[in-house]
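> Output the structure for:
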Amino acid sequence: MKKEKISAYQYFWLSTNMLISTIILLIPKIIIQDGREYAWIVPIVAGSAIAIINYLVLILGCNFSNNIIISDLKNILGPILGRILLIPYIFIIIHTTSMMMYQGVQFASFVMPSKAEIGFWIMIALLGSYLSYKGLETIARLAQIGVLIISIAVITILIGSYNSITIKWLKPFAINYKKIIRASITPAHWFLIIPNLSLILKPYFKNNKKSIKASLLGNFMGQFITVILFINALTVLGADLTSILKFPFYTLSSLALAGLEVIIFIAWIMGVIIEVGIFYFSSLQLISSFFELKDYRILIPPFLIMITSLGIFQTNIPMSLTKIGYIVPINVLLLEIPFLIIFTLIYLAASRTDKLSKQ
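Sure thing, here's the model as predicted:
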């Protein structure tokens, strides 16, 4: 089937949505538990470190070809070894898809505790499947709207809570490097979403160099918004209270302005659904390329059933939300970063071999 192309401008909105729609739901609680008053520095450290990996793997990958990562590895390593190497990578993407849905369901259940969780699972799964069916360009248009709504909501929170700020609760000049590095591992997972999905979505780039720049700008935009909200949470609620709240930024919205929490709920649920749509689309692209299918859309019904069932199973695991703080760092250190480094080295070796063959 013919691939639709998206501009760098559209990819900027997609990249930004990949980050802020879910990182600002759960991550503040986890980061502040580890980083305490220094937590506002953590997104800068994590985002900047991953931005380097992001640039290297994408510049090498896009220079090699405009194909999906699976096609590249099959061309470089052969069809068998290329597929084998990517099986854990596919698992990471599918597991992250389920985790994004899980966070959205937990947030919706927190706001509307009287509603059955299975209804939220089905709603998010159906809407994510619909977006994946409509294609990447449709998702990109919605991502722009979603990011703008979230940005307006963030600005409203900042203005509404200005009079409640206590600067002494913030410690910008006394930095504990060990705490910052330890706390940076978990949010690194969210910043890694951009390079991971970019390797899948690069066939859809109209301009590779501009799209790479757009992905980096999305990274920095995510850092900026997250840091501002962290500072606001620490100076309004304090580290102790923020670390025990399930969704601290939602609490901030209810303190800032009466009725704002409804807008925040709608904005962030919309962001989660868009992100699930991006992950559905990317996962289906991976699987269809793995099995060399002509149209990824035939996989939508079975994938919807599989991922929803996996998510509902996770819901029944006691305290699984708190375990994210333990599971994610393991994935980051043992799977995600090593895989991107391996891909970078493979692309680098392939480009050198290609240059030597042309001499």
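> Make sure Ile225 is actually in contact with Val154.
Yes. At 6.0 Å, Ile225 and Val154 qualify as touching, with contact defined as C-beta atoms under 8 Å. C-betas here are computed from N, CA, C, even on glycine.
> Which parts of stretch 198-215 count as buried, going by neighbours?
198-205, 208, 211-215 (16 or more other C-beta atoms under 10 Å).
> need these in TSV with distance to Ile278, can you?
Below are these laid out as TSV (distance: C-beta to C-beta, whole Å):
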residue	distance to Ile278
Ser198	11
Leu199	14
Ile200	10
Leu201	9
Lys202	14
Pro203	15
Tyr204	12
Phe205	15
Asn208	19
Ser211	15
Ile212	18
Lys213	19
Ala214	14
Ser215	13
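> Ala125: which of the residues you listed is nearest?
Nearest to Ala125 among the buried residues of stretch 198-215 is Ile200, at 20.0 Å by C-beta to C-beta.
> which stretches of the stretch 101-250 of the chain form helices?
Secondary structure of the stretch 101-250 of the chain (DSSP state H, counting those that start in this stretch): helices at 117-134, 136-160, 177-201, 208-236, 238-244, 248-256.
> I'd like to know which of the ones you listed is closest to Ser309.
helix 117-134 (9.3 Å).
> Any regions of this structure where pLDDT drops low?
The model of the chain has pLDDT under 70 over residues 1-3, 23-37, 169-176, 239, 243, 254-259, 314-326, 355-359.
> ok, Leu245 - how many residues close by?
Counted with other C-beta atoms under 10 Å, the neighbours of Leu245 add up to 16.
> How about residues contacting stretch 86-103?
22, 25-26, 69-70, 73, 121, 124-125, 128, 189, 193, 196-197, 200, 272, 275-276, 279-280, 282-283, 286-287, 290, 307-308, 310-311, 314-315, 320-321, 324, 331, 335-336, 339 (C-beta atoms under 8 Å, 6 or more residues apart in numbering).
> So for stretch 8-15, what gets flagged as buried?
Under 16+ other C-beta under 10 Å, the buried positions of stretch 8-15 are Ala8, Gln10, Tyr11, Phe12, Trp13, Leu14, Ser15.
> ok, those vs Ile263, which is closest?
Within the buried residues of stretch 8-15, the smallest distance to Ile263 is 19.6 Å, found for Trp13 (C-beta to C-beta).
> In helices, which of the contacts of stretch 86-103 fall?
Using DSSP state H, the members of these that fall within helices are 22, 25-26, 69-70, 73, 121, 124-125, 128, 189, 193, 196-197, 200, 272, 275-276, 279-280, 282-283, 286-287, 290, 307-308, 310-311, 314-315, 320-321, 324, 331, 339.
> Gly277: what's it in contact with?
In this structure, Gly277 makes contact with Leu127, Gly128, Tyr130, Leu131, Ser132, Ile139, Leu142, judged by C-beta under 8 Å, 6+ apart.
> Nearest residue to the first one in space, please, no chain neighbours.
Put plainly, it is Leu127. Distance criterion C-beta to C-beta, 6 or more residues apart in numbering; nearest residue to Leu127, sequence neighbours excluded, is Ile273 at 4.8 Å.
> Go ahead and confirm the one you found touches Gly104.
Yes. Contact status for Ile273 versus Gly104: in contact at 7.2 Å, counting by C-beta under 8 Å.
> Find the residues that touch each one of these two.
Ile124.
> before we move on, the earlier item: quickly note the distance from the residue nearest to Leu127 to Phe107.
Ile273 sits 12 Å away from Phe107, going by C-beta to C-beta, to the nearest Å.
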